[in-house]
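S.K.: Sequence first, predicted coordinates after that:
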Amino acid sequence: MNNGFNAENNPAPESGAGNILVEDNAVLHILGGHLDFLEKEGKALGKLLDIGAKSGQFLQMAEARGFKVSGVETNNELANIGRNNGLDIRTGTLADLPKVESFYDVITIFNFAKILRDPQNDLKQISKMLTDDGFMIVTTNNQKHGNQSTAEYTNMLESLGLQIAKSGPIVHRHSISSFFEHLNTKLHLSLLRSVSHFFKNHSSIDLALSLGEPSGYFLIGKK
């Protein structure tokens, strides 16, 4: 069995970084939508495993909503940031996870086609870890990754006995804050940094002024 991860997809943070790496408001909005769905399905107090957890921002969001969270991450520096902020993130791969069955209520794999070396076999192993009514959330970073279309990924989950409970495009909104932040990396002006921070701290305005485009696809399978 392969080790289940492509470590190179999660580069190390800059030296000395000790805080959980924060996504922009647009990404947080997408992640929050997945948690909203799980809450409506009565999973808010369940056990959640995030595969490819990075420094743990999604775990932190889920924990704040009542989930019992844990994660696995190949990049030790990223995993250490999460652990230093009180999160249960194991450094390693699928092979390093405890051999449990029917244990997790929710398993998430964001951008799974890049994270998993052998999606078909790895997802088969992962699906065994779900409770009988558990959910698996997988996303791709575009609507077609490599030679496999979204329909093929849907068939892949269904072949594992998962029913597709929800699916759709991920509309990644380019927030105004990220636009000004990008400008600041080029021009290094304190005014641009201040404008970016203002919009980050006012997420509703930031999202209202953002532009959206499909950047991926999500599938939620129920066991």
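M.R.: Perfect, I can see it now.

S.K.: what about residue 96, neighbour count?
M.R.: 13 (other Cβ atoms under 10 Å). Backbone N, C-alpha and C define where each C-beta goes, glycine included.

S.K.: Per-residue pLDDT of it, please?
M.R.: Note for residue 96: predicted pLDDT of 88.

S.K.: which stretch of helix or strand covers the closest residue to it other than its chain neighbours?
M.R.: Distances taken as Cβ to Cβ, 6 or more residues apart in numbering put residue 90 closest to residue 96, at 6.3 Å, once the chain neighbours are dropped. Using DSSP states H and E, residue 90 sits within strand 89-91.

S.K.: The protein: helices as residue ranges?
M.R.: All helices of the chain, identified by DSSP state H, fall at 25-40, 57-64, 76-84, 112-115, 119-127, 150-159, 176-187, 190-200, 203-208.

S.K.: and residue 222, which of those helices is closest to it?
M.R.: With Cβ to Cβ as the criterion, residue 222 lies closest to helix 150-159 of the helices of the chain, at 9.7 Å.

S.K.: Now do the closest one, average pLDDT.
M.R.: Model confidence over helix 150-159, given as mean pLDDT, is 88.

S.K.: contacting residues around it?
M.R.: 113, 119-120, 123, 136, 138, 140, 143-144, 164, 167, 217, 219, 221 (Cβ atoms under 8 Å, 6 or more residues apart in numbering).

S.K.: a markdown table please, covering the residues you listed and showing pLDDT and neighbour count.
M.R.: Shown next, in a markdown table, are those (pLDDT from 0 to 100; neighbours: other Cβ atoms under 10 Å):
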| residue | pLDDT | neighbour count |
| --- | --- | --- |
| 113 | 76 | 19 |
| 119 | 87 | 22 |
| 120 | 87 | 13 |
| 123 | 93 | 23 |
| 136 | 97 | 26 |
| 138 | 94 | 27 |
| 140 | 84 | 23 |
| 143 | 49 | 13 |
| 144 | 48 | 14 |
| 164 | 96 | 13 |
| 167 | 91 | 15 |
| 217 | 85 | 21 |
| 219 | 93 | 22 |
| 221 | 97 | 26 |
